[in-house]
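Asker: got a predicted model here, sequence first, then my questions.
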Amino acid sequence: MNRIEEKMQELQAEGKKAFITYMTAGLPDLDTTAKILKAEEAAGLDVCEVGIPFSDPIADGPVIQDASYRAILNGTNLTQILEMMEKLRAEGMKMPIVFMMYYNTVFSMGLENFVKACAKAGVDGLIIPDLPKEEQQPLQSVLDEEEGAPILIQLVSPISADRVPYLLEGARGFVYCVSSMGVTGKNVNFGKQIHDYLSSVKAVSKIPVMMGFGIKTAEDVLPLKDALDGAIVGSHFIRLMDENNFAPEVAGEYVKTFKEKLNND
Amino acid sequence: MSKYYGEFGGQYVAESLMNPLAELDKAFREAIADPEFIRQYNYYLKEYDGRETPLYFAEKLSKKYGTKMYLKREDLNHTGAHKINNVLGQILLAKRMGKTKVIAETGAGQHGVATATGAALFGMECTVFMGAEDIERQSLNVFRMNLLGAKVESVTTGSSTLKDATNAAIRYWSEHAEDTFYIIGSAVGPAPYPEMVREFQKVISVEAKRQIIEKEGRLPDCVVACVGGGSNSIGMFSEFIDEPSVKLVGAEAGGLGVETGKHAAAMALGKAGVLHGMKTYLLQDENGNIELAHSISAGLDYPGVGPEHAYLRDSGRATYTNITDKECMDAFLELTKEEGIIPAIESAHAVACACKLAKDMTEDQIIIVCLSGRGDKDINTVRKYLNGEETNK
């Protein structure tokens, strides 16, 4: 069974919310990325999103754009990240891993090569923000052919409206709700509008609904707890890592605190 | 109409833009089927833009190169280039859709100036995204945009040039699509943009076809245009695509030479990829990261090309060649001295290409060159070039 789906079932059975972080790979280098992932797994992180740097990240805000740019300047590339993943799996990492990336990185490697490499490296899911549902068929059919291939995570936006049932058709793992801003890393007013948006997706979704924008602490999402199944922290997590010299223990501590607050308050 | 040109085109955008694109597509199709919309568009093309533009017989060049060379004088449009044709169409569509704000991306500043001009005319709030590098290189156009009441947003991410300005405009649009219309200046972007830009630039070839038949009683043997993203070229090709006797040639910017890696000829190396909402040929490295384009002409300095051009290339209907900085500057000087027309450096690529093609043509054959813009904006670059200073990033 796919590790993400397994984890989602486990959390549902326990009545718990999922916690997910996003980190651009290769900051400041891939050895550190591997250490951060290990620390997060030890701290109980449910799913980890690994950002694959791309030169033109059109769906990302300034923090992730900058992180991506720096990682490329460091020489980080997909092949090395896949190698890191394979090594982490060989060392016993069980945490579900999602690659967040842009379609040209996939296309450039070749769909078949890419999917095979992901299956081999133990990548469980893919988030490709510039590959809307209408353009997914070529990749999806290759994923369907490969044993142990990652699943495609579907994104929903507040203006998806009438498209939501279509987007959720056959969706696996979890649904990723992005902000009304469409771009990551913006400040969010956690008001009624957001609650209504998440509730409307949750009402029709058979799989868990994650909120993935503007979150800094567990306190931010507590008022929305009934409308979501989990929270994703991206830009804030990168900023936190940046400010703390990418110390793995800071990552672990942040995950531990967030998870406790999310599930106990 | 399909979203694809063969395997190229499509809508590779964030989910949050799928509904805005659907809304745009519907509005665009309704508008071009509405005689009142077309009447308005034609009214502004004539009364404001100054169309139709002449199809000028370049007598001295024709004699020199031994074939009949005609210049489609898009440089005589209001604001000095073909860009305004498309801006007028898109801004009328924006108004019709009830949008109150427009945004645009710009490299050299020509599309930005055209958009700022249209926004002033129709009383719309205008923001132009421009790379910080380009703002410095094209300060005169920045000043023009400011005079016209537009806000120029400096983009400092990535390489701080046109591709990054386009990223910034797409991001802004996905946040503000409700009241904001994104006016794309080139034949690029997600569907229906490439089709829409062709629709609003096809007037170039509609006129040229009529004019050449009036003057020569027949179709040309060849039409030539420069290709960056490909807006003037798709406009120049449009009415001739279904005329198999007319050869279509696009001139990409060869920069210092394709073999040096410092060029903007996205189709020369033929590697397809996905950028700015479309699948097309792109300059990219082995990891799929987009590479910087290099050209003496800021307007051709784009790492991709419109998807319809990618398709025309693969289907063999059009051929694409590249012209180096030096070849283009020689043609620039030749046209200036022989015909008294100072062309945009972009357009000089097409002139250089036509002069090369003319060598294999006979005296009674006809070639039409799209002279997409005038060269006033390029005077500083030309001066630097003639003094032997660095003009290429």
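Answerer: Yep, it's here. Numbering: from 1, shown residues only, chains lettered A, B, ... in the order given.
Asker: ranges for the helices of the stretch 251-393 of chain B?
Answerer: Counting by DSSP state H, counting those that start in this stretch, the stretch 251-393 of chain B has helices at residues B:266-269, B:307-315, B:325-339, B:345-358, B:379-386.
Asker: of these, flag the one that's most buried.
Answerer: Compared across those, helix B:345-358 shows the largest average neighbour count, a mean of 28 (mean count of other Cβ atoms under 10 Å in any protein chain shown). C-beta coordinates here come from the backbone N, C-alpha and C atoms, glycine included.
Asker: by contact count, what packs against it?
Answerer: Under the contact criterion of 3 or more Cβ pairs under 8 Å, 6 or more residues apart in numbering or on different chains; DSSP states H and E, helix B:345-358 touches helix B:59-65, strand B:222-227, strand B:247-255, strand B:318-324, helix B:325-339, strand B:366-371.
Asker: quick one: contacts for whichever residue of the stretch 251-393 of chain B sits closest to chain A?
Answerer: The nearest approach of the stretch 251-393 of chain B to chain A comes at residue B:288, 2.8 Å away (Cβ to the nearest Cβ). Neighbour list for residue B:288: A:54, A:78, A:104, A:105, A:106, A:107, A:108, A:109, B:273 [criterion: Cβ atoms under 8 Å, 6 or more residues apart in numbering or on different chains].
Asker: give me the buried entries from the residues you listed.
Answerer: A:54, A:78, A:104, A:105, A:106, A:107, A:108, A:109, B:273 (16 or more other Cβ atoms under 10 Å in any protein chain shown).
Asker: which single one of the residues you listed is nearest to residue A:233?
Answerer: residue A:54 (20.5 Å; Cβ to Cβ).
Asker: surely that closest one and residue A:100 touch.
Answerer: No: using Cβ atoms under 8 Å, residue A:54 makes no contact with residue A:100, being 9.9 Å away.
Asker: so how many other residues sit close to residue 59?
Answerer: As the question left the chain open, I've gone with chain A. Applying other Cβ atoms under 10 Å in any protein chain shown, we find 26 residues neighbouring residue A:59.
Asker: correction: the question concerned chain B.
Answerer: 12.
Asker: how much space separates it from chain A?
Answerer: 46 Å (Cβ to the nearest Cβ, to the nearest Å).
Asker: do residue B:10 as well
Answerer: Residue B:10 is 6 Å from chain A, by Cβ to the nearest Cβ.
Asker: tell me the pLDDT of whichever residue of chain A sits closest to chain B.
Answerer: At 2.8 Å from chain B, residue A:108 is the closest residue in chain A, using Cβ to the nearest Cβ. pLDDT, residue A:108: 98.
Asker: phi first, then psi, for the spatially closest residue to it that is not a sequence neighbour.
Answerer: Nearest non-adjacent residue to residue A:108, counting by Cβ to Cβ, 6 or more residues apart in numbering or on different chains: residue B:288, 2.8 Å away. The phi/psi pair for residue B:288 (degrees, to the nearest 10) reads phi 80, psi 10.
Asker: average pLDDT across stretch B:56-64?
Answerer: According to the model, stretch B:56-64 has a mean pLDDT of 97.
Asker: on that earlier part again, per-residue pLDDT, the residue of the stretch 251-393 of chain B closest to chain A?
Answerer: With respect to pLDDT, residue B:288 scores 97.
Asker: go on, the one 3 residues further on?
Answerer: Listed pLDDT for residue B:291 reads 93.
Asker: correct me, but it touches residue B:271?
Answerer: No: with contact defined as Cβ under 8 Å, residue B:291 does not count as touching residue B:271 (10.2 Å).
Asker: identify the contacts common to these two.
Answerer: Listed as contacting both residue B:291 and residue B:271 by Cβ under 8 Å, 6+ apart are residue B:284.
Asker: so for chain A, the centremost residue is which one?
Answerer: residue A:49 (3.6 Å; Cα atoms, centre = their mean).
Asker: what's the helix or strand for the nearest residue to it once chain neighbours are set aside?
Answerer: Distance criterion Cβ to Cβ, 6+ apart; nearest residue to residue A:49, sequence neighbours excluded, is residue A:22 at 4.1 Å. Secondary-structure assignment from DSSP states H and E places residue A:22 in strand A:18-24.
Asker: so which elements touch that strand?
Answerer: Checking 3+ Cβ pairs under 8 Å, 6+ apart, strand A:18-24 ends up next to helix A:3-14, helix A:30-42, strand A:47-51, helix A:62-73, strand A:230-233, helix A:235-243, helix A:248-264.
Asker: make a markdown table from these and add distance to residue B:235 and mean pLDDT to it.
Answerer: Putting these into a markdown table (distance: least, Cβ to Cβ, whole Å; pLDDT from 0 to 100) gives the following:
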| stretch | distance to residue B:235 | mean pLDDT |
| --- | --- | --- |
| helix A:3-14 | 48 | 97 |
| helix A:30-42 | 48 | 98 |
| strand A:47-51 | 40 | 98 |
| helix A:62-73 | 34 | 94 |
| strand A:230-233 | 45 | 96 |
| helix A:235-243 | 41 | 96 |
| helix A:248-264 | 54 | 96 |
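Asker: of the ones you listed, which approaches residue A:168 most closely?
Answerer: Ranking the helices and strands packed on strand A:18-24 by proximity to residue A:168 (Cβ to Cβ) places helix A:3-14 first, at 14.6 Å.
Asker: show me the shaky parts of the chain.
Answerer: Unless you meant another one, I'm taking chain A. Applying pLDDT under 70 to chain A flags residues A:180-190, A:265.
Asker: looking at chain B here, not the other one
Answerer: Judged by pLDDT under 70, the stretches of chain B that qualify are B:1, B:392-393.
Asker: those residues of it touching chain A, which are they?
Answerer: For chain B, the residues in contact with chain A (Cβ under 8 Å from any Cβ of the partner chain) are B:10-20, B:157-158, B:163-164, B:167, B:170-171, B:174-175, B:177, B:272-277, B:279, B:282, B:284, B:286-290.
Asker: one more pass at 7 Å, please.
Answerer: Residues of chain B lying close to chain A (Cβ under 7 Å from any Cβ of the partner chain) are B:10-16, B:18-19, B:157-158, B:163, B:167, B:170-171, B:174-175, B:273-275, B:284, B:287-290.
Asker: quick one: contacts for the residue nearest to the centre of chain A?
Answerer: Neighbour list for residue A:49: A:20, A:21, A:22, A:98, A:100, A:127, A:232 [criterion: Cβ atoms under 7 Å, 6 or more residues apart in numbering or on different chains].
Asker: now those residues as CSV including neighbour count?
Answerer: Converted to CSV, the contacts of residue A:49 look like this (neighbours: other Cβ atoms under 10 Å in any protein chain shown):
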residue, neighbour count
A:20, 24
A:21, 26
A:22, 23
A:98, 26
A:100, 28
A:127, 23
A:232, 25
